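A.B. asks: Predicted model, plus sequence, below.
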Amino acid sequence: MLNNDKHLEKIGWLGFVLILSAYLFVTIKLVAISSITYHLMNLLGALCMVVNARHNKAKPLFWLNIVWSLIAIMGLLQLIEY
């Protein structure tokens, strides 16, 4: 069980890094806010955070990242349509 906890914590940290990196990259104009890269980083980061939040029974964080994931999916779908 301890090993599983460590993996889930690493997944949470990966999500943290992906979401903050996406925001940083947009801020310093390394990626565009309307890019697939930005939305994928947010989606993958949020999904990692969902896994971690569910394991830790952190309901607000869980639901925040569910919504964050849905927003990222909406952004990706808009890019596909164009």
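C.D. replies: Alright, I've got the coordinates. Numbering: from 1, shown residues only.

A.B. asks: Please count neighbours and contacts with C-alpha atoms only from this point.
C.D. replies: Fine.

A.B. asks: shaky segments in the chain?
C.D. replies: 1-3, 82 (pLDDT under 70).

A.B. asks: by contact count, what packs against the biggest helix by length in the chain?
C.D. replies: Secondary structure assigned by DSSP state H gives helix 2-27 as the longest helix of the chain. Where contact means 3 or more C-alpha pairs under 8 Å, 6 or more residues apart in numbering; DSSP states H and E, helix 2-27 is packed against helix 36-55.

A.B. asks: Would you mark the buried spots in the helix it packs on?
C.D. replies: By 16 or more other C-alpha atoms under 10 Å, the buried positions in helix 36-55 come out as 36, 38-53.

A.B. asks: Repeat that for stretch 74-82.
C.D. replies: Taking 16+ other C-alpha under 10 Å as the criterion, stretch 74-82 shows 75-76 as buried.

A.B. asks: now that stretch, how far from the chain's geometric center?
C.D. replies: Stretch 74-82 sits 17 Å away from the centroid of its parent chain (C-alpha atoms, centre = their mean, to the nearest Å).

A.B. asks: next one: stretch 21-28
C.D. replies: With C-alpha atoms, centre = their mean, you get 13 Å for stretch 21-28.

A.B. asks: Please work out which residues outside that stretch touch it.
C.D. replies: 31-33, 38, 41-42 (C-alpha atoms under 8 Å, 6 or more residues apart in numbering).

A.B. asks: hmm, try it at 6 Å
C.D. replies: 31-33, 38, 41 (C-alpha atoms under 6 Å, 6 or more residues apart in numbering).

A.B. asks: Alright, that wraps it up for me.
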